[in-house]
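Colleague: using only what follows, build the 3D model:
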Amino acid sequence: MNLWLRLIAYLLCVPWRPALALPDEASVLRFRAWPHDLDPSLHINNGRYLALMDLGRLDVMIAAGLLRPVLARRWTPIASNVLIRFRREIRLFQRFRLETRLLTWDETHVVMEQSFILEGGRRDGAVAARALFKGGIYDRTARRFVTVAELMAEIGVSAEAPEATPEVAAFLAADDTLRGRAG
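Modeller: Here you go, the predicted structure:
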């Protein structure tokens, strides 16, 4: 239920949030760890990270101006792969921010980096977790993924995909391997 409350709070703030110029700018959302975010070890549950990452990607879509065309065409965002590395725990009442940035893309999928960064206290600025995400926008009517070129055209952007860093290339190679093994 708390994610619905966070989503509602986010949507109420959207009119005052700045626009996002893709591919160069990052989305930044600020949170606090609440009791319902915690697992029995009293730090944020690993599943909660993934749920909060959904809000970060939603913010990218809305702040970049993609929400209207996505809703109008009844397209749907699809997660393809996520790799997350936990580095430091986020404990009860700790403030943190989620930074979501576009790293690269191919014809139909984007790769984003999502970082959880602690705010305040002696660990201010420390990275709690960093994730790589691969996903796309699916057109259910046409039964295909929408090309990134189409999505960029919707927001008036024409840009070449940056070359994948070694980490991103390894992530994509692992994704290809796993996809090939899917039954």
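
Colleague: residues in contact with the helix or strand of the chain with the lowest mean pLDDT?
Modeller: Counting by mean pLDDT, DSSP states H and E, the weakest-scoring helix or strand in the chain turns out to be helix 2-13, with a mean of 87. Helix 2-13 has contacts (CB atoms under 8 Å, 6 or more residues apart in numbering) with Leu29, Phe31, Trp34, His36, Asp37, Ala51, Leu52, Leu55, Leu58, Asp59. Heads up, the C-betas are built off the backbone N, CA and C, glycines and all.

Colleague: only the buried subset of those residues, as a PyMOL command please.
Modeller: The buried residues among those can be selected in PyMOL (16 or more other CB atoms under 10 Å) with this line:
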select buried, resi 29+31+37+52+55+58+59
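
Colleague: Arg88 contacts Arg122, doesn't it?
Modeller: No - using CB atoms under 8 Å, Arg88 makes no contact with Arg122, being 11.5 Å away.

Colleague: neighbour count winner among the two?
Modeller: Neighbours were counted for Arg88 and for Arg122 using other CB atoms under 10 Å; Arg88 has more, 16 against 6.

Colleague: quickly find the element holding the more buried one.
Modeller: Assigned by DSSP states H and E, Arg88 belongs to no helix or strand.

Colleague: contacting residues around the closest residue to it other than its chain neighbours?
Modeller: Take Arg88 and drop its neighbours on the chain: the residue closest to it by CB to CB, 6 or more residues apart in numbering is Ala128, 4.6 Å away. With contact set as CB under 8 Å, 6+ apart, Ala128 has these partners: Phe86, Arg87, Arg88, Glu89, Ile90, Phe96, Phe116, Ile117, Leu118.

Colleague: looking at those residues, spot the one nearest Pro69.
Modeller: The shortest approach to Pro69 among the contacts of Ala128 belongs to Phe116, at 29.3 Å (CB to CB).

Colleague: gap between that closest one and Val110?
Modeller: 20 Å (CB to CB, to the nearest Å).

Colleague: more neighbours, those two?
Modeller: More neighbours surround Phe116 than the other of Phe116 and Val110, with 25 against 22 (other CB under 10 Å).
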